[in-house]
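> with the sequence up front, the predicted model follows.
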Amino acid sequence: MGDSVRKNGILFFVGLVILTGFLSAKSVETAADWSSGTAYVLPAGRWEMGLFQPLRYGLSGGQEFSTHPLLFVKMPNLTYKRVWKADERGVIASRHQLLYPTPLLNTVARKGIGGIVSPEFTFPAMVSLHNEVLYTKKLMGSMQVTGKAGITVGVAFGDLDKRMTIDLPLVFQRLAVFYNNWLIRLGGDVTGHLSGRWNYLVDSDVFLIPGAEENFGFEHKGLLLWNKSDRFQLAIGYKLVYGQYPYGTQWHLLPPKVPGLPVWIPLFDLQWAW
C-alpha cells in the first residue's frame, strides 16, 4: 500500500472527528428499542445484546455505542452512532465503526481444527474505519424503511499477500478493504408489525470494491421477530449471500442444510435488554 493512501486514510479519520465536533450541537435525540438497523438509537441508559448481536448502550443526546464483546479480545471493535436530524419526514443518523481484526486472523492462520489460512502467512496490523449515513422514514401503518450508504477505508501497516484472502461468505467482502484500501457499501432495511407479538425485518446490502477483480458482493436477510416484552426478543430467519471470489461467483444460503437432517434449520438469535 502506498504512503499516499495511508496518509489519506489518516486525514480522513481526523477530518471525521473534527466534523463530528462541529455537528454535535445540531443533534436531535430520537430513540427506539430494538433499532440496530435503523437511524434510531437506543434510549439513554438502555442496554441490549444478543447471542450474535453486539452489546449496545444508549446515551443522552441521541448517541449510541456498541461492540461485539465475545469477539473483542481477538478482534477489538467499537461502533458509534448518532442522530443528527429528526422531523416528520424521517430520521438521519451516522454510524462509524473502528475494527482491528489482526489478532483473530492470525489465530485462524494455522493447521488443523480452526485453521482457515496457511500458517506460513502472518497478517500485519490492520485497521478499518467504516462510515455510513442512515435515513429512516415511516410509511403506511407500522412499516419503516431505512436507506444506508457508506465508505470503508482499510489500512494495512505492512505487507499483505493476496494469497492470504479468506474465500468464505460474509468474510471475503469485508476483508477486501485491506487489499483494495477502500470499498463502498449500500443497503436498505424494511421493518414492520405483522400480528400480535410478531414483527418482521428484511434487509439487503451491496458491497462495491472499485478496482478489484472480485468487485461485487450482495447479502440479503429475512427475519421474523417475536417480542415477549421490551426486554426480550427472539429472531428466526435466513441469510442469502452472493459473492465474487477468486474461484468464481457463488450463492450461499445460511445456515446451510445439515446433511442427514430431514429439515432445514433456520438462523436464530436471542436478544435481551435492561
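All right, it came through fine. All values reported here derive from a predicted model rather than from experimental measurement.

> now do the same contact list for Ala212.
Counting by C-beta atoms under 8 Å, 6 or more residues apart in numbering, Ala212 touches Ala176, Tyr179, Asn180. All C-beta spots, glycine's among them, are computed from the backbone N, C-alpha and C.

> try it again at 6 Å.
Ala212 makes contacts with Asn180, as judged by C-beta atoms under 6 Å, 6 or more residues apart in numbering.

> check Leu186 too.
Shown in contact with Leu186 (C-beta under 6 Å, 6+ apart): Ala149, Val206.

> kindly recompute the last result at 8 Å.
Lys148, Ala149, Gly150, Asp205, Val206, Leu208.

> name the element the closest residue to Leu224 other than its chain neighbours belongs to?
Once flanking residues are discounted, Leu224 sits nearest to Ile236: 5.4 Å by C-beta to C-beta, 6 or more residues apart in numbering. Per DSSP states H and E, Ile236 falls inside strand 232-245.

> how about residues contacting that strand?
Outside strand 232-245, the residues that reach it (C-beta under 8 Å, 6+ apart) are 34, 50, 167, 169-170, 172-173, 201, 213-228, 249-254, 266-273.

> hmm, try it at 6 Å
With C-beta under 6 Å, 6+ apart, strand 232-245 has contacts from 34, 167, 169, 172, 214, 216-227, 251-254, 266-269, 271-272.

> could you pull out the helices in the protein for me?
Using DSSP state H, the helices of the chain run over residues 3-23, 69-72, 102-107, 172-180.

> buried stuff in the third one?
Neighbour-count burial for helix 102-107, counted by 16 or more other C-beta atoms under 10 Å, picks out Thr102, Leu105, Asn106.

> so for the last one, what's the pLDDT?
This points to Asn106. pLDDT recorded at Asn106 is 90.

> quick check: the gap between the nearest residue to it once chain neighbours are set aside and Asp161.
Closest residue to Asn106 apart from its sequence neighbours, by C-beta to C-beta, 6+ apart: Phe123 at 5.3 Å. Computed as C-beta to C-beta, to the nearest Å, the Phe123 to Asp161 distance reads 9 Å.

> neighbour count for these two, which is higher?
Neighbours per residue (other C-beta atoms under 10 Å) separate Phe123 from Asp161, with Phe123 holding more: 22 against 13.

> what's the pLDDT at that one?
Per-residue pLDDT puts Phe123 at 91.

> pLDDT on the strand holding Ile236, on average?
96.

> what lines up beside that strand in the sheet?
strand 216-229 (antiparallel), strand 248-254 (antiparallel), strand 267-273 (antiparallel) (DSSP bridges).

> rebuild these as JSON lines, extending it with distance to Gly45 and mean pLDDT.
JSON lines is the format used below for those (distance: least, C-beta to C-beta, whole Å; pLDDT from 0 to 100):
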{"stretch": "strand 216-229", "distance to Gly45": "17", "mean pLDDT": "97"}
{"stretch": "strand 248-254", "distance to Gly45": "34", "mean pLDDT": "95"}
{"stretch": "strand 267-273", "distance to Gly45": "11", "mean pLDDT": "96"}
